[in-house]
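> Below is the sequence, then the predicted model.
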There are 2 protein chains.
Amino acid sequence: MSGDRRVRRTRRMVQEALIGLILEKGYEAVTVTDIIDRADVGRSTFYSHFTDKQDVLLSNLDELAFLRPAPAGGPDKLFAFSLPTLEHVREQERLVRALLGRRGGGPVHARGEQLLADLVRDELLAAGARASAALDLLVVCVVGAFMGLLRAWLDGETNASPAELDGAFRAAVEPGVRAVLGQL
Amino acid sequence: MSGDRRVRRTRRMVQEALIGLILEKGYEAVTVTDIIDRADVGRSTFYSHFTDKQDVLLSNLDELAFLRPAPAGGPDKLFAFSLPTLEHVREQERLVRALLGRRGGGPVHARGEQLLADLVRDELLAAGARASAALDLLVVCVVGAFMGLLRAWLDGETNASPAELDGAFRAAVEPGVRAVLGQL
DNA sequence: TCCATTTCCAAACAATCCGTTCGGTTATGA
DNA sequence: TCATAACCGAACGGATTGTTTGGAAATGGA
């Protein structure tokens, strides 16, 4: 294992403390003093590892790697990412809720949208779409619909299962997307 | 006109100062000191009118009343709000960008989504849908798609016209929505 | 086991921002 | 004109931030 054990421990404690605090108070309300207090870490130690509160938040960003599964979808199987993503989210509920929920910070939310947008765009291109301004608008709509669904779920506005959410997502956008793809 | 002229003037100066600052630095980065400095208003005066930075932000919320036009749509004319809303936004670009853009504050963003969700929900109910959990999920998808489109526009990611945005929105979600409505 | 190195800690620090208070000045509308 | 209401400026205590310092403690290699 690379690095000092103390370093790993400190970083993990700080990250976990922030996640817990976000779930309790929301990202904006969390203060650095709160974090180091809960993590039981010295102030100077904190600033020797992170520059910011936001830096801690973004250091968790690797955990969103599940937004990068293999495209692996043919023209007939659209939105292959949807169900696996939703199921993976259910397992990592605590972390993802803190990062992508409404209580979470705007920065990560934007990042998640970007990852998802790239994913959807690649998938539509693989399905035969041509790069164009119209395609970009379509991607924005699809991502918006999915993220809306995801946030509603993370914030407890629905208790539907991943399969049901996947079904709702597909039912809402798949017909329109297929129709648009036919015109390209 | 009701109230003191000084009161109206002060409130207007403060609101306008905040909007300008949001467009420059983003809501989170704006400080109360920034606001009173630009508005040229005394500190105590500020706090005699508003409790918060957020209070100022939310005081502009009436300007989002355009998200409440007459439903007035039959089963054949779905999403009647879309084009009028987009056109109205173009006229109020500066204000709406500050309120609903990515640089804007989360609180107003959530409020805008709520207004839009009520609107879409009413429209779908008027189109013959029955209230259900499935309908709520559909509403979330539609609102997500529209808001995604709107934010992309406000943040300059596209320079499409309101008519084109309306077309992209309809193309993406209308087929799916009509299909779902048929099953209710 | 020993020990040089790295990490951690506690305390204190200036700087910034917040929200409130106070006495005095100025504008308003009757 | 004049009583009232709004404004101003200055100052405050408190909270938060990010940095610095010197010394204690843990770590991993020799």
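Sure thing, it's come through.

> give me phi/psi at the residue at minimal distance from the centre of chain A?
Compute the mean C-alpha point of chain A, and by CA atoms, centre = their mean the closest residue is residue A:112, 4.2 Å away. For residue A:112, the backbone dihedrals (degrees, to the nearest 10) come out as phi -60, psi -40.

> how is chain A carved up into domains?
A:2-55, A:65-181 (automatic domain parsing).

> Name the helix or strand for residue A:178, please.
For residue A:178, the element it lies in under DSSP states H and E is helix A:162-182.

> if you look at that helix, does any of it touch chain B?
Yes. Looking at helix A:162-182 against chain B by CB under 8 Å from any CB of the partner chain, the contacts come from A:164-165, A:168-169, A:171-177, A:179-180. Bear in mind the C-beta positions are built from the backbone N, C-alpha and C, glycine included.

> Filter those down to the buried ones.
For these, a burial check counting by 16 or more other CB atoms under 10 Å in any protein chain shown picks out A:164-165, A:168-169, A:171-177, A:180.

> Quick one: name the residues of chain A near DNA strand D.
Residues of chain A lying close to DNA strand D by CB under 7 Å from any atom of the strand are A:4-6, A:31-33, A:43-44, A:47, A:51-53.

> Kindly reformat those residues as CSV containing pLDDT.
Shown next, in CSV, are those (pLDDT from 0 to 100):
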residue, pLDDT
A:4, 92
A:5, 95
A:6, 96
A:31, 98
A:32, 98
A:33, 98
A:43, 98
A:44, 98
A:47, 98
A:51, 97
A:52, 95
A:53, 97
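
> separation between the closest residue to residue A:135 other than its chain neighbours and residue A:178?
Excluding its sequence neighbours, the residue lying closest to residue A:135 (CB to CB, 6 or more residues apart in numbering or on different chains) is residue A:129, at 5.3 Å. Look at residue A:129 and residue A:178: by CB to CB, to the nearest Å, they are 11 Å apart.

> Repeat that for residue A:89.
In this view, residue A:89 and residue A:178 are 25 Å apart by CB to CB.

> Likewise for residue A:103?
In this structure, residue A:103 and residue A:178 are 35 Å apart, going by CB to CB.

> For these two, indicate the residue with more neighbours.
residue A:103 (21 against 14; other CB atoms under 10 Å in any protein chain shown).

> What does the more buried one show for phi and psi?
phi -80, psi -20.

> pretty sure it is touching residue A:27, no?
Yes. Judged on CB atoms under 8 Å, residue A:103 makes contact with residue A:27 at a distance of 6.5 Å.

> could you point out where chain A is predicted with low confidence?
Low-confidence segments of chain A, defined by pLDDT under 70, span residues A:1, A:69-75, A:184.

> what does chain A put close to DNA strand C?
So far as CB under 7 Å from any atom of the strand goes, chain A lies against DNA strand C at A:3-4, A:6-7, A:9-10, A:40-45, A:48-49.

> Any of those buried? List them.
Applying 16+ other CB under 10 Å to those flags A:10, A:41, A:45 as buried.
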